[in-house]
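J.: What follows is a predicted protein model with its sequence.
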Amino acid sequence: MSVGSAVSSFTQALAAIGINVLNAIFAVFHAFLALGQETISGVFKLAQAVMQLGSELVQDTVGFVIG
């Protein structure tokens, strides 16, 4: 193996390591985005359930008082 070939292989290996590190960073970033999306979705579902509970309680109370 010549020096030029060794340098070429070394450069290709460094490039592959760099690409893998970038892919790992993007994967972690994507995971955080997905977690945030799921968290926000859960908060909205919880708020919707609380509002529905309040609405039903008011309707039941008004219905009991009027009826």
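T.: Structure received.
J.: Okay, Ala31 and Ser41: tell me how far apart.
T.: Between Ala31 and Ser41 the computed distance is 16 Å (CB to CB, to the nearest Å). The way it works is simple: take the backbone N, C-alpha and C, and place the C-beta from them, glycine included.
J.: Give me the below-cutoff pLDDT ranges for the protein.
T.: Within the chain, the segments meeting pLDDT under 70 span 67.
J.: and the host helix or strand of Ala24, how far from the chain's centre?
T.: According to DSSP states H and E, Ala24 maps onto helix 3-66. Remark: helix 3-66 is offset 1 Å from the chain centroid, using CA atoms, centre = their mean, to the nearest Å.
J.: same check, this time on stretch 59-67
T.: 43 Å.
J.: Could you measure from Ser5 over to Gly42?
T.: For Ser5, the distance to Gly42 - CB to CB - is 55 Å.
J.: give me the number of residues near Leu22?
T.: The local packing of Leu22 (other CB atoms under 10 Å) involves 10 other residues.
J.: swap in Leu53?
T.: 10.
J.: Can you name the residues that contact it?
T.: If a contact means CB atoms under 8 Å, 6 or more residues apart in numbering, then Leu53 has no contacts.
J.: now it: how far from Ala47?
T.: Separation of Leu53 from Ala47 (CB to CB) stands at 11 Å.
J.: swap in Phe32?
T.: Where Ala47 is concerned, Phe32 sits at a distance of 23 Å (CB to CB).
J.: and if you look at Ser5?
T.: According to CB to CB, Ser5 stands 63 Å off from Ala47.
J.: Convert the C-alpha atoms of stretch 3-22 to CSV, please.
T.: Extracted as CSV, the C-alpha positions of stretch 3-22 are listed here (Å, rounded to 0.1, in the frame of the first residue of the first chain):
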residue,chain,number,x,y,z
VAL,A,3,1.4,6.5,1.1
GLY,A,4,-1.1,8.1,-1.2
SER,A,5,-3.5,5.2,-0.9
ALA,A,6,-3.1,5.2,2.9
VAL,A,7,-3.8,8.9,3.1
SER,A,8,-6.9,8.4,0.8
SER,A,9,-8.2,5.6,3.0
PHE,A,10,-7.6,7.7,6.1
THR,A,11,-9.4,10.7,4.6
GLN,A,12,-12.4,8.5,3.6
ALA,A,13,-12.5,7.0,7.2
LEU,A,14,-12.5,10.5,8.7
ALA,A,15,-15.3,11.6,6.3
ALA,A,16,-17.3,8.5,7.2
ILE,A,17,-16.9,9.2,10.9
GLY,A,18,-18.0,12.8,10.4
ILE,A,19,-21.1,11.8,8.5
ASN,A,20,-22.0,9.3,11.2
VAL,A,21,-21.6,11.9,13.9
LEU,A,22,-23.9,14.3,12.0
